[in-house]
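Engineer: Provided below are the primary sequence and the corresponding predicted coordinates.
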Amino acid sequence: MRKTYSSLGAESLNLILIGFGNVGRALARILWEKIDRLRGLGLSINVTGIFKSNGGFVDSNGLMLGEILEKSEQHKSWVPGASPLSHIEELPCDVVVEMTPTNVRNGEPGVSFIRKALEEGKDVVTSNKGPLVVSMKSLLSLAERKGCFLLYEATVGAAIPIFTVAREFLRHDRIICVEGILNGTTNYILSRMSEDKVSFDDALREAQEMGYAEADPTYDVEGIDAACKLVILANGLMNMDKHLSDVEIEGISRVTPEMIELAEEDGYLVKHVAYLDGEKMEVAPRLVPKNSPLAVGGTFNVITLNTELSGPLTFIGKGAGPRETASAILADIITIAKKRGGIKSGEHVA
Ligand SMILES: NC(=O)c1ccc[n+]([C@@H]2O[C@H](COP(=O)([O-])OP(=O)(O)OC[C@H]3O[C@@H](n4cnc5c(N)ncnc54)[C@H](OP(=O)(O)O)[C@@H]3O)[C@@H](O)[C@H]2O)c1
């Protein structure tokens with residue numbers, strides 16, 4: 001039987017945040033901004049630890065998030081060298097929020113943090129694809145054995161609530177196939193090449209200057225990021241046990257202006273499409289009709305679920321961005337609180 005939070009109601013939901021970069025800081029800011037709204041729902045959130053690679057902010061009575069965002073390591077709660085692994089046991093904690101960098105080779109350090117949290121009986125929310133791409137099934141079964149939640153809405157499409165929709169609204173239905181555009185950087189590059197006749201190199205440089213693409217863009221441009229998200233969709237939506245090696249991957253670096261022009265003459269756009277059904281998983285440049293729901297521009301992501309009973313359902317949204325990602329994390333935290341009986345159904349935060 002799942003536990004309920006005895007602390008909810010009069011007291012607080014205690015969180016530990018691991019990772020205080022773009023997403024971790026955005027989450028802290030949103031928790032700070034929405035503090036009264038959340039209390040209005042009966043959800044009083046207390047952050048007892050925030051960890052970076054070189055130490056952590058620690059206060060078992062609850063950290064002052066506004067002060068920490070302002071003063072950073074000058075804040076009195078800063079403990080150089082403090083490790084999340086020991087503090088997960090020691091600090092008051094109901095939910096561990098894991099937001100360390102993605103590592104698709106072995107999932108670390110995220111795998112160790114998530115495993116430790118679940119072994120200690122803590123619920124977990126993560127925005128980190130690495131641990132799920134490497135060992136999603138084993139982490140989900142550990143969560144199951146421990147009666148804990150492991151939620152990961154932010155890992156695919158940031159604020160697009162794809163897993164929540166499937167979990168809450170499509171349990172009676174069957175997802176037959178999934179297709180979408182799962183990487184904002186490649187979509188930006190192809191959109192600029194198509195709409196403004198910019199060259200691949202110039203569009204990539206722009207994406208880097210605007211902070212969409214990494215200094216080393218291989219991960220995005222060669223389709224690895226989209227393939228990782230497809231693995232999480234396969235396992236999370238269709239109960240599969242897939243890995244990165246199961247995905248046929250082709251990046252966009254061989255797409256030429258001539259290809260784009262020829263496609264346009266026939267009423268098509270060249271898009272970097274991720275596709276998944278019971279047999280096939282692939283990420284590759286594809287021709288998409290200009291009036292297709294997949295024909296979204298700029299950095300937008302789109303995901304279509306083709307279902308047995310509900311037909312095609314399409315979701316469009318910003319697939320990245322610290323605030324959008326933090327919003328998905330907070331939605332997962334609220335889901336957990338609700339399922340543990342700590343928040344009333346049917347109310348919303350803002
Ligand atoms: N940014 C987005 O729009 C977005 C969207 C969806 C998903 N995500 C995913 O969310 C995660 C976080 O993204 P981000 O943009 O916030 O990354 P980031 O800015 O690089 O921040 C990563 C944080 O993790 C900390 N960290 C690294 N190793 C650690 C360790 N061993 N122990 C404790 N903390 C450690 C870093 O510490 P230091 O501060 O000391 O370096 C940093 O605070 C990534 O997995 C990313 O793929 C991001």
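Structural biologist: It's in.
Engineer: so which bits of the stretch 51-200 of the chain are right by the ligand?
Structural biologist: Residues of the stretch 51-200 of the chain lying close to the ligand (C-beta under 6 Å from any ligand atom) are 51-54, 84, 99-102, 109, 127-129, 154, 158. Backbone N, C-alpha and C define where each C-beta goes, glycine included.
Engineer: would you map the strands across this protein?
Structural biologist: Taking DSSP state E as the criterion, the chain carries its strands at 13-18, 45-52, 55-58, 78-80, 95-98, 123-126, 150-151, 175-181, 248-249, 268-277, 281-289, 300-307, 311-318.
Engineer: not counting sequence-adjacent ones, nearest residue to the closest residue to the ligand within the chain?
Structural biologist: Nearest residue of the chain to the ligand (C-beta to the nearest ligand atom) works out as Gly21 at 1.9 Å. Leaving out its chain neighbours, the residue that sits closest to Gly21 by C-beta to C-beta, 6 or more residues apart in numbering is Met99, at 7.1 Å.
Engineer: quick one, what contacts the one you found?
Structural biologist: By C-beta atoms under 8 Å, 6 or more residues apart in numbering, the residues touching Met99 are Leu17, Ile18, Gly19, Phe20, Gly21, Val23, Gly24, Leu27, Thr126, Ser127, Asn128, Ile329.
Engineer: apply 6 Å and report the result again.
Structural biologist: Gly19, Val23, Gly24, Ser127 (C-beta atoms under 6 Å, 6 or more residues apart in numbering).
Engineer: pretty sure Leu313 contacts Leu305?
Structural biologist: Yes - assessed by C-beta atoms under 6 Å, Leu313 is found in contact with Leu305 at 4.8 Å.
Engineer: more neighbours, the two?
Structural biologist: Each of Leu313 and Leu305 has its neighbours counted (other C-beta atoms under 10 Å); Leu305 has more, 24 against 18.
Engineer: and the gap between Leu63 and Gly157?
Structural biologist: 30 Å (C-beta to C-beta, to the nearest Å).
Engineer: circling back to that earlier point, so can I have a markdown table of the strands of the chain showing mean pLDDT?
Structural biologist: Listed next are those as a markdown table, based on pLDDT from 0 to 100:
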| stretch | mean pLDDT |
| --- | --- |
| strand 13-18 | 97 |
| strand 45-52 | 97 |
| strand 55-58 | 98 |
| strand 78-80 | 98 |
| strand 95-98 | 98 |
| strand 123-126 | 98 |
| strand 150-151 | 98 |
| strand 175-181 | 98 |
| strand 248-249 | 98 |
| strand 268-277 | 98 |
| strand 281-289 | 98 |
| strand 300-307 | 98 |
| strand 311-318 | 96 |
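Engineer: nearest to Val221, of the ones you listed?
Structural biologist: strand 268-277 (9.2 Å; C-beta to C-beta).
Engineer: same for that closest one, what does it pack against?
Structural biologist: Under the contact criterion of 3 or more C-beta pairs under 6 Å, 6 or more residues apart in numbering; DSSP states H and E, strand 268-277 touches strand 175-181, helix 184-195, helix 224-238, helix 257-265, strand 281-289.
Engineer: to Lys318, which of the ones you listed lies closest?
Structural biologist: helix 184-195 (7.4 Å).
Engineer: list the buried residues of that closest one.
Structural biologist: For helix 184-195, burial by neighbour count (16 or more other C-beta atoms under 10 Å) applies to Gly184, Thr185, Thr186, Asn187, Tyr188, Ile189, Leu190, Ser191, Arg192, Met193, Ser194.
Engineer: ok, now which ones touch Asn61?
Structural biologist: So Asn61 contacts nothing (C-beta under 6 Å, 6+ apart).
Engineer: can you count the residues close to the nearest residue to Arg174 once chain neighbours are set aside?
Structural biologist: Nearest residue to Arg174, sequence neighbours excluded (C-beta to C-beta, 6+ apart): Glu308, at 4.2 Å. Neighbour count of Glu308, defined by other C-beta under 10 Å: 11.
Engineer: wait, isn't Glu308 in contact with His172?
Structural biologist: No - using C-beta under 6 Å, Glu308 is not in contact with His172, being 9.7 Å away.
Engineer: domains in this structure, by residue range?
Structural biologist: Residue ranges for the domains of the chain, per automatic domain parsing: 13-158+323-339, 167-318.
Engineer: tell me which of those is the most buried.
Structural biologist: domain 13-158+323-339 (a mean of 20; mean count of other C-beta atoms under 10 Å).
Engineer: what is Ala274 paired to in the beta sheet?
Structural biologist: On the basis of DSSP bridges, Ala274 is bridged to Gly180, Val283.
Engineer: where are the low-confidence patches of the chain?
Structural biologist: 1-11, 342-350 (pLDDT under 70).
Engineer: from the centre of it, point out the most distant residue.
Structural biologist: Glu265 (36.5 Å; C-alpha atoms, centre = their mean).
Engineer: how about the nearest residue to Cys177, chain neighbours excluded?
Structural biologist: Using C-beta to C-beta, 6+ apart, the nearest residue to Cys177 is Asp277, at 3.8 Å.
Engineer: quick check: Leu151 touching Val125?
Structural biologist: Yes - counting by C-beta under 6 Å, Leu151 touches Val125, with 5.0 Å between them.
Engineer: common neighbours of the two, please.
Structural biologist: Asp332.
Engineer: just give the nearest non-adjacent residue to Leu142, would you?
Structural biologist: Leaving aside its chain neighbours, Leu142 sits nearest to Leu118 (4.9 Å; criterion: C-beta to C-beta, 6+ apart).
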